[in-house]
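Visitor: model the following, please.
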Amino acid sequence: MNSRATGLLFAALGAIAFSGKAIIVKLAYRYGVDAVTLIMYRMLFALPFFVVMAWRAGRGKPPLARRDWAGVLGLGFIGYYLSSMLDFAGLQYITASLERLILYLGPTLVLLLGWALRGRRITRGHLLATAVSYAGALLVFGLELRVAPTGATAWGALLVFISTFTYALYLFYSGEFVQRLGSLRLVGLATAFACVCCIAQFVLVKPLAAAQVAPQVIWLSILNATLCTAVPVLLVMMAVERIGPTLAAQVGMIGPLSTIAMGIVLLGEPFTPWLAAGTALVVAGIFLFGRAGR
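Guide: Got it, this is the predicted structure:
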């Protein structure tokens, strides 16, 4: 019982910490920083954590084959570099609440990839759960579009949705590598490579003077790299060890709720009955999705 309670606590704290990423990004944008510079600082400060993670997870294990290296680098580019870049860019145009709800549609995209690329069967339960989830996300999207009837909201939502799709590609193709390398080793190596990509992108497209940002941006980036990036990875992994992936995923459904709460308190984002209804639909849809999968 103690181990189960600890696992539930780790899963809840990990979900809340993950959800704080969007809040920190929105706060940093208030100081005039752009997405390329902001993600560079986040990855710069997170890089040592993932290097240590990959090193510790790989101790005593055989070196990676050429095929494994190609897979790790490809997954890191798609699942962490490209996905993070698109997510940060989208957050310039939409609220943190809508961003989190769109990201929670990821399992439905993994299911569609399995059907399209490997012929996996989709049940009626899956279709119902997917319809409920997307109805909730579209409800919140329609609310934001009504408040700010410009193309910026649609563009931001599209960027975050593509980010969700690229991360779904990572989840879809990472299964065989997790079995061979282990989850911590794969995450450490793939994310470390993504960190290098983000830093290289800044060096290639920005003048060095762009690195001069407000001190608040630096502190927010350190907080993002540690509390909202490295720490949640470890918390979720420890939760999975104690309570299993299914229950850990169910506890993770508090993520959208915590994002909305922090958005209201820290960002001053409005809370409306439509937002509550959309969030309830998305969370209910993902819950039904998990039950249909079992």
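Visitor: how about stretch 73-93 as PDB, C-alpha atoms only?
Guide: Written as PDB, here are the backbone C-alpha positions of stretch 73-93 (Å, rounded to 0.1, in the frame of the first residue of the first chain):
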ATOM      1  CA  LEU A  73      18.600  10.300 -33.500                       C
ATOM      2  CA  GLY A  74      15.500  10.100 -35.700                       C
ATOM      3  CA  LEU A  75      13.200   9.800 -32.700                       C
ATOM      4  CA  GLY A  76      15.000  12.600 -30.900                       C
ATOM      5  CA  PHE A  77      14.600  14.900 -33.900                       C
ATOM      6  CA  ILE A  78      10.900  14.200 -34.500                       C
ATOM      7  CA  GLY A  79       9.700  13.600 -31.000                       C
ATOM      8  CA  TYR A  80      11.600  16.100 -29.000                       C
ATOM      9  CA  TYR A  81      13.200  18.800 -31.200                       C
ATOM     10  CA  LEU A  82      10.500  19.200 -33.800                       C
ATOM     11  CA  SER A  83       7.600  18.600 -31.400                       C
ATOM     12  CA  SER A  84       9.000  21.100 -28.800                       C
ATOM     13  CA  MET A  85       9.700  23.700 -31.400                       C
ATOM     14  CA  LEU A  86       6.200  23.600 -32.900                       C
ATOM     15  CA  ASP A  87       4.700  23.600 -29.400                       C
ATOM     16  CA  PHE A  88       6.600  26.700 -28.300                       C
ATOM     17  CA  ALA A  89       5.700  28.500 -31.500                       C
ATOM     18  CA  GLY A  90       2.100  27.700 -31.100                       C
ATOM     19  CA  LEU A  91       2.000  28.900 -27.600                       C
ATOM     20  CA  GLN A  92       2.600  32.400 -28.900                       C
ATOM     21  CA  TYR A  93      -0.900  32.500 -30.300                       C
END
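Visitor: and after the helix or strand harbouring residue 191, which helix or strand comes next?
Guide: Under the criterion of DSSP states H and E, residue 191 resides in helix 183-205. Per DSSP H and E, helix 183-205 leads on to helix 215-225 as the next helix or strand towards the C-terminus.
Visitor: ok, residues contacting that following helix?
Guide: Residues outside helix 215-225 that contact it (CB atoms under 8 Å, 6 or more residues apart in numbering): 21, 24-25, 27-28, 31, 33, 38, 41-46, 49. Where you see a C-beta, it was placed from the backbone N, CA and C, and this is true even at glycine.
Visitor: hmm, 7 Å instead?
Guide: 21, 24, 27, 28, 31, 33, 38, 41, 42, 45, 46 (CB atoms under 7 Å, 6 or more residues apart in numbering).
Visitor: residue contacts, residue 241?
Guide: With CB under 7 Å, 6+ apart, residue 241 has no contacts at all.
Visitor: let's have the chain start at 30 instead
Guide: Okay, using 30 as the starting number, the last item reads as residue 270.
Visitor: a markdown table for the contacts of helix 244-254, including secondary structure?
Guide: Converted to a markdown table, these look like this (DSSP: H, G, I helix; E, B strand; the rest coil):
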| residue | secondary structure |
| --- | --- |
| 50 | helix |
| 53 | helix |
| 56 | helix |
| 57 | helix |
| 60 | coil |
| 62 | coil |
| 67 | helix |
| 70 | helix |
| 71 | helix |
| 74 | helix |
| 75 | helix |
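Visitor: closest one of these to residue 283?
Guide: Proximity of the contacts of helix 244-254 to residue 283 (CB to CB) peaks at residue 50, which lies at 14.9 Å.
Visitor: quick check: mean pLDDT across stretch 81-95?
Guide: Here stretch 81-95 scores 90 as its mean pLDDT.
Visitor: show the end-to-end separation of it, please.
Guide: Chord length of stretch 81-95, first to last residue, is 22 Å (CA to CA, to the nearest Å).
Visitor: can you map out the helices along the protein?
Guide: In the chain, the helices defined using DSSP state H lie at 31-58, 64-87, 95-105, 112-119, 125-132, 135-147, 153-176, 180-202, 204-210, 212-234, 244-254, 260-280, 283-291, 302-322.
Visitor: which of those helices is buried the deepest?
Guide: For the helices of the chain, average neighbour numbers computed from mean count of other CB atoms under 10 Å are highest in helix 125-132, which has a mean of 28.
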